[in-house]
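# okay, predicted coordinates and the sequence, questions at the end:
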Amino acid sequence: MMNAARSKTSDFLLAVEGLTVSFDGFKAVDDLSFYLDPKEIRVIIGPNGAGKTTVLDLICGKTKATSGSIKFAGKELTRLKEHQIVHSGVGRKFQTPSVFEDLTVFENLELSFPRGHSVGGALAFKRDPEVIEAVEEVAATIFLTDALNEPAASLSHGQKQWLEIGMLLIQKPDLLMLDEPVAGMSVAERKKTAELLKVITKDHTVLVIEHDMQFVGDIADRVTVMHQGKVLSEGSIEHVKSDPKVIEVYLGH
Ligand SMILES: Nc1ncnc2c1ncn2[C@@H]1O[C@H](COP(=O)(O)OP(=O)(O)OP(=O)(O)O)[C@@H](O)[C@H]1O
C-alpha cells in the first residue's frame, strides 16, 4: 500500500498508525491508521459514536492511547503531555466557542499571541508593533477587521467561531484541528468559513470533523470515513459518497 510505504519516510505531517483506545474494554478507536500531507485539508466524517472526537482528543493529548502511534512532524505525540503537544504546533478548537466575552476582538487575539504570559500578564503587557501587526493580519483573515474594538459578546455565533479560529491562528500551529466548525452557522457564514479554511491551508494543515456534506464537499482534499473506531472508507468526496459501505452506515440515514 502506498501509505504504508510512505510512512517509513517523514513526508507526512501527521502519521497515525494502529491507534487504539479502550474505555472499560470498549474500543472507541480501534487500530486506526491515517496520514496527513502538509497543507492538506482532511475531513473526518461518520455516524455518531464512530470515534471522531476521540481521535482529536488522542492527537491533542487530552486522552491517552491504549496502543499505537501518532507521529507529528516526526515526533511521537503519544508520550507527550497536552501543553507539550501545543508547543509542538498542534492547535485544537472545540465545538463550543470559548472566547472571552467581555474583552474586545483585539484583546482576545492579543491574549492568544504566544509569549507565555498568563491572562493578566498578557493584558498588562505593552502593545508592541509585532503584536499589533499579528492581530491585524489575523483579524483580516477571519473577517473581523471592522470588529476589532467590539466586545466579543457583540459578535454573532459564527463570528465567535471565526474569532476562536483566529486565536489558534495567531499561535501559528502547523496543524489545526476543528470539531464541527460550521455547526449553528448560517448558509452565508458556512460559505465564508469554507473560504477561510482555503486561505488557512496555504500555511497550515487542517483536520476537521464535520457532518454538513455540502461543506465537506466545499473544503476537503480528502475525506476519512470512520465507523466503530475504524476507517470505513477514504478518498475524494466523490469516492466516499459513492462507496456502498458509506451509504449503508452513514449517508443513507
Ligand atoms: N472518556 C470516555 N469514556 C468512556 N467512553 C467514551 C469516552 N469518550 C468517548 N467514549 C465513547 O466512545 C465512543 C466514540 O465517541 P466519540 O465522541 O469519539 O464519537 P464521535 O464520532 O465524535 O460522535 P459524535 O458525532 O456524536 O460527536 C462513544 O460510544 C462514546 O460514548
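Everything's here; your move.

# got the residues of the stretch 1-150 of the chain near the ligand?
Residues of the stretch 1-150 of the chain lying close to the ligand (CB under 6 Å from any ligand atom) are 23, 28, 46, 48-54. All C-beta spots, glycine's among them, are computed from the backbone N, C-alpha and C.

# centre-most residue in the chain?
Geometric centre of the chain, nearest residue: residue 177, 1.2 Å, by CA atoms, centre = their mean.

# correct me if wrong, but it is in a strand.
Yes: under DSSP: H, G, I helix; E, B strand; the rest coil, residue 177 falls within a strand.

# please report the distance of it from residue 115.
According to CB to CB, to the nearest Å, residue 177 stands 23 Å off from residue 115.

# any weak-confidence spans in the stretch 151-253 of the chain?
253 (pLDDT under 70).

# how about the helices in it?
157-169, 187-200, 213-219, 237-241, 244-246 (DSSP state H, counting those that start in this stretch).

# winner for burial among those?
Of all the helices of the stretch 151-253 of the chain, helix 157-169 has the most neighbours on average by mean count of other CB atoms under 10 Å, namely a mean of 23.

# not counting its own residues, what contacts it?
The contact list for helix 157-169 (CB atoms under 8 Å, 6 or more residues apart in numbering) reads 91-93, 97-99, 105, 108-109, 111-112, 138-139, 141-144, 147, 152, 155, 176, 178, 181-182, 184-186, 189, 192-193, 196, 200, 204.

# how does it look with 7 Å?
The contact list for helix 157-169, computed with CB atoms under 7 Å, 6 or more residues apart in numbering, reads 91, 93, 97-99, 105, 108-109, 112, 138-139, 141-144, 147, 152, 155, 176, 181, 184-186, 189, 196, 200.

# and residue 52, how many neighbours?
Per other CB atoms under 10 Å, the neighbour tally for residue 52 reads 26.

# that older thread, drop anything exposed from the contacts of helix 157-169.
Neighbour-count burial (16 or more other CB atoms under 10 Å) applied to these gives 91, 93, 97, 99, 105, 108-109, 112, 138-139, 141-144, 147, 152, 155, 176, 181, 185, 189, 196, 200.

# just the buried ones out of the residues of the stretch 1-150 of the chain next to the ligand, please.
28, 46, 50-54.

# just those: which are in strands?
Among these, the members falling in strands (DSSP state E) are residue 28.

# quick one, what contacts residue 27?
20, 229.

# greatest separation within the buried ones among the residues of the stretch 1-150 of the chain next to the ligand: which pair is it?
Farthest-apart pair in these is 28 and 46; separation 12.1 Å (CB to CB).

# for residue 234, which non-adjacent residue is closest in space?
Spatially, and ignoring its direct neighbours in sequence, residue 234 is nearest to residue 224 (4.9 Å; CB to CB, 6 or more residues apart in numbering).

# isn't the one you found up against residue 230?
No: under the criterion of CB atoms under 7 Å, residue 224 makes no contact with residue 230, lying 10.5 Å away.

# the more surrounded of those two?
Applying other CB under 10 Å to residue 224 and residue 230 shows that residue 224 carries more neighbours, namely 24 against 16.

# list the contacts for that one?
The contact partners of residue 224, by CB under 7 Å, 6+ apart, come to 34, 42, 44, 231, 234.

# closest to the ligand out of those residues?
Among the contacts of residue 224, residue 44 lies closest to the ligand (CB to the nearest ligand atom), at 8.1 Å.
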